[in-house]
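In: Dropping a prediction and its sequence here:
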Amino acid sequence: MSGDYETLAKNQPDIYYTKSSSNMKQIFSNQFYYQFKMPDFDILKERLETIEKFDDGDFTWGELCKIERDSYNVNDFFDILVKPVGMLSGQLGVKFNAKISHPWLNRYDRGGFQEIHYHDDCDIAAVVFLNDGEDFSKFYFWDSNHTAFTKPWIKILTQMKLSNIYYPEVKAGDVLLFPSHMLHGVSPHNSDIIRKTFSFNVIVTNVE
Ligand SMILES: [Fe+2]
């Protein structure tokens with residue numbers, strides 16, 4: 001429905017700004033993430049140095065980003081990676097069965113980045129931050145609903161700090177887990193120290 005904006009503006013007074021406590025009821029909150037300290041982080045890092053890795057020939061993605069990847073056998077890491085998945089299940093308050101698909105290491109040289117994407121071959125995506133530093137790439141979430149916002153709503157949501165991009169505050173040793181439908185990306189890397197993250201996907205096979 002589109003009114004005659006000029007006529008409306010002439011005949012109506014301005015809206016008063018009245019500050020009060022929040023009456024907002026937020027609904028359809030299906031975009032969220034969990035952040036934990038990665039269990040066995042030192043063992044994980046040590047294992048990444050010693051366990052056999054594979055080239056990244058099996059990946060079906062990679063043309064739109066600029067990163068180097070190493071692929072690993074899930075059996076070499078299952079005992080560690082299953083722990084944050086269990087923590088997630090506990091926090092969600094939902095018991096589920098799941099398989100962890102092959103994990104991989106991402107290496108970002110200067111200028112490296114990852115385009116906005118989601119994972120269509122799993123249900124939960126996870127990323128472990130192996131190092132951090134000045135001018136490092138930043139992991140971010142991107143609100144897929146953003147494309148439907150009107151211009152005033154973009155301004156309003158930005159002032160409410162609910163804009164379309166969200167950078168979780170992460171440090172080396174943190175792990176993020178999130179629904180695989182959530183759009184996410186990694187900003188360009190501006191350091192000469194190689195940024196490393198370890199990613200794995202979780203396929204939910206049964207929800208109790
Ligand atoms: Fe991803």
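Out: Received it, and whenever you're ready, just let me know what you need. A quick note: this is a predicted structure, and the numbers were derived from the prediction, not measured.
In: Run a quick check on residue 205 versus residue 100, I expect a contact.
Out: No - contact criterion CB atoms under 8 Å: residue 205 and residue 100 do not qualify, at 11.1 Å. (Glycine included, C-beta is placed from N, CA and C.)
In: And those two? Which one has more around it.
Out: Neighbour count, other CB atoms under 10 Å: between residue 205 and residue 100, residue 100 has more, with 19 against 10.
In: quick one, what contacts that one?
Out: 74, 78, 81-82, 85, 200-203 (CB atoms under 8 Å, 6 or more residues apart in numbering).
In: Also residue 59?
Out: Counted by CB under 8 Å, 6+ apart, residue 59 has contacts 69, 71, 104.
In: do residue 16 as well
Out: Contacts of residue 16 (CB under 8 Å, 6+ apart): none.
In: Next: residue 192.
Out: Contacts of residue 192 (CB under 8 Å, 6+ apart): residue 110.
In: That one: what secondary structure?
Out: Following DSSP: H, G, I helix; E, B strand; the rest coil, we place residue 192 in the coil state.
In: got a pLDDT number for residue 114?
Out: Residue 114 carries a pLDDT value of 96.
In: Export the contacts of residue 59 to TSV and append columns for pLDDT and distance to residue 115.
Out: Formatted as TSV, those follow (pLDDT from 0 to 100; distance: CB to CB, whole Å):
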residue	pLDDT	distance to residue 115
69	91	14
71	93	20
104	95	17
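In: Filter these down to just the buried residues.
Out: The neighbour-count test (16 or more other CB atoms under 10 Å) marks 69, 104 as buried among these.
In: Turn the contacts of residue 59 into CSV, including distance to residue 42 and secondary structure.
Out: Shown next, in CSV, are these (distance: CB to CB, whole Å; DSSP: H, G, I helix; E, B strand; the rest coil):
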residue, distance to residue 42, secondary structure
69, 23, strand
71, 22, strand
104, 20, strand
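In: and the longest strand for the protein?
Out: Scanning the chain for the strand with the most residues, using DSSP state E, yields strand 195-207.
In: Sweet, I'm off.
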